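Engineer: Any chance you can model this:
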Amino acid sequence: MSKPIVVGINGSAGSEAALAWALERAARQKLPVICVHAVDDRWMSPDFQYHELIRESGMELLEKAKANAKNQAPDVDVDVQLRHGSPGSALREASKDASMVVVGGHDKHWMDGGPMTDRALQIVSASDSPVAVVPSQRGTGNHGVVVGVDGSEESLQAVAFAAAEADRGGDELTVVLAFRSPARWVEHQLPESGLAETIVEEDRIVLAESVAGLGDKYPDLIVHQRLETDTEPAKALVDLAREARLLVVGSRGRGGFSRLVLGSTAHAVLLNVPCPTVVTRLHKVKHED
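Structural biologist: Residues are numbered from 1 along each chain as shown. This next block holds a predicted model:
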C-alpha cells in the first residue's frame, strides 16, 4: 500500500488550507490521507475532570474534518487519528510511515501561549518525511516550481524532488542560488583581489552542477537557472515564489551546523511562506561494503 499523506488538524484556517491542499495531491497521486489531531494532555493527571471531554472534542474536530474531506474529494480514502502529546511529537511519529506531512502556515497571531509559527517549525524539524507548509491564503499565481540550491547534498535532493514535482505537473522549474555579496569595505581592503567576481563565478558553477542531468531525466522539463548575487537566500526564494505553485527547500544547507536540523534559510522561509512550501529531508546514501 502506498504511504499516506498525513495532515495536522487543529481547526484553524491554516489546517483547513492544509487539508484542501493534501486532498488535491492525494487525488492526483491516488494516495490515502490521514488526519491527525494531538490532544496535548501532558499537563493533565489521569483523573482530571475534563479529560474525556477534551478527548471527545478532539474526535469531533477530526470527524468534522473527515466529513469536509469527503465532500471535497470523495474518491480519496480518508482516515482520522487522535493522538496524545504535543503536535510536534505526534506528527513526528505519524511521519515515520507517511509519504509527506502537511500542516498549515501560521497567520501571525498569538495562540496557546506562542506564535503559530512555532508549530510548523517544530514539525518540520522533527519529521522523518518531507513536510509541506500551506499558507491559509493562497496567492494569485499557481504556476511553476521554485527550488533553492547551495551545492549541499540537501539542496541536490531538494532539486531532485522539485524536478519530479514540476515534470509531473507540467510546470517550469526555477532553480535559485542566492547569496549576499561581500561588503564593499571588505573588497576595498583587498586591492585587485576580485573576491566578488570569484564568488560569483564559483556559485555559477555550483548552480550549473545542481541542474546537471535533469535534461536527460526529464526531456520535456523547462529549467531556469537564477543567480541572485546580492540578496539573502530566504528573501530571494520568497520573492520569486510568490506566484509559484510550489516552493521547495532543503531542511539544512552547506552553511548549517550538523547539530541543527533546520537551517537558517529554511527557518526564514517558513516565517514568510509565500505559497505551499515543501521542506525535504536528507536521505543518507547507503554504500555497499
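Engineer: what's the burial count for Asp216?
Structural biologist: By other CB atoms under 10 Å, the residues close to Asp216 number 7. The way it works is simple: take the backbone N, C-alpha and C, and place the C-beta from them, glycine included.
Engineer: One more: the one 5 residues further on?
Structural biologist: Burial measure for Leu221: 19 neighbouring residues, criterion other CB under 10 Å.
Engineer: Which residue, other than its chain neighbours, is closest to it?
Structural biologist: Asp167 (4.8 Å; CB to CB, 6 or more residues apart in numbering).
Engineer: okay, and for the stretch 151-289 of the chain, where does confidence drop off?
Structural biologist: 181-196, 252-262, 282-289 (pLDDT under 70).
Engineer: 50 - rerun?
Structural biologist: 185, 255-261, 285-289 (pLDDT under 50).
Engineer: any chance you could map the strands in this protein?
Structural biologist: Secondary structure of the chain, counting by DSSP state E: strands at 5-8, 33-39, 78-84, 100-104, 110-111, 114-115, 131-134, 145-148, 173-178, 223-228, 246-250, 277-280.
Engineer: As CSV, those strands with mean neighbour count and distance to Ala69 would be great.
Structural biologist: Shown next, in CSV, are those (neighbours: other CB atoms under 10 Å; distance: least, CB to CB, whole Å):
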stretch, mean neighbour count, distance to Ala69
strand 5-8, 28, 9
strand 33-39, 23, 7
strand 78-84, 17, 4
strand 100-104, 27, 12
strand 110-111, 11, 23
strand 114-115, 12, 27
strand 131-134, 26, 15
strand 145-148, 29, 25
strand 173-178, 24, 30
strand 223-228, 16, 35
strand 246-250, 28, 21
strand 277-280, 25, 21
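Engineer: In TSV, list the ones you listed along with distance to Glu154.
Structural biologist: TSV is the format used below for the strands of the chain (distance: least, CB to CB, whole Å):
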stretch	distance to Glu154
strand 5-8	22
strand 33-39	26
strand 78-84	29
strand 100-104	17
strand 110-111	31
strand 114-115	26
strand 131-134	14
strand 145-148	10
strand 173-178	14
strand 223-228	19
strand 246-250	3
strand 277-280	7
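Engineer: so which of those strands gets nearest Leu19?
Structural biologist: Leu19 sits nearest to strand 5-8 of all the strands of the chain, at 5.1 Å, using CB to CB.
Engineer: picking up where we left off before, neighbours around the residue nearest to Leu221, how many?
Structural biologist: 18.
Engineer: How much space separates it from Leu23?
Structural biologist: For Asp167, the distance to Leu23 equals 22 Å [CB to CB, to the nearest Å].
Engineer: just Pro87 next, same as before
Structural biologist: The gap separating Pro87 from Leu23 is 20 Å, by CB to CB.
Engineer: Same check on Arg83?
Structural biologist: 21 Å.
Engineer: number of nearby residues for Ser264?
Structural biologist: 16.
Engineer: what does Gly213 give?
Structural biologist: 12.
Engineer: Then Asp128?
Structural biologist: Asp128: 15 neighbours (other CB under 10 Å).
Engineer: for this structure, what spans make up the helices?
Structural biologist: 13-29, 51-72, 87-95, 117-126, 153-169, 184-188, 195-210, 214-217, 233-240, 264-270 (DSSP state H).
Engineer: Out of those, which gets nearest to Val145?
Structural biologist: Judging the helices of the chain by CB to CB, what sits closest to Val145 is helix 153-169, at 4.0 Å.
Engineer: one step back: who's in contact with the residue nearest to Leu221?
Structural biologist: Tyr218, Asp220, Leu221 (CB atoms under 8 Å, 6 or more residues apart in numbering).
Engineer: CA-only coordinates of stretch 25-37 in PDB, if you can.
Structural biologist: Coordinates of each C-alpha in stretch 25-37 appear next as PDB, following Å, rounded to 0.1, in the frame of the first residue of the first chain:
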ATOM      1  CA  ARG A  25      -2.300  16.000  -4.000                       C
ATOM      2  CA  ALA A  26      -3.800  12.700  -2.800                       C
ATOM      3  CA  ALA A  27      -6.300  12.700  -5.600                       C
ATOM      4  CA  ARG A  28      -3.600  13.200  -8.200                       C
ATOM      5  CA  GLN A  29      -1.300  10.600  -6.800                       C
ATOM      6  CA  LYS A  30      -4.000   8.200  -5.600                       C
ATOM      7  CA  LEU A  31      -2.800   8.200  -2.000                       C
ATOM      8  CA  PRO A  32      -4.800   7.900   1.200                       C
ATOM      9  CA  VAL A  33      -4.900  10.700   3.700                       C
ATOM     10  CA  ILE A  34      -4.700  10.500   7.500                       C
ATOM     11  CA  CYS A  35      -6.000  13.500   9.500                       C
ATOM     12  CA  VAL A  36      -4.100  13.700  12.900                       C
ATOM     13  CA  HIS A  37      -5.100  15.800  15.900                       C
END
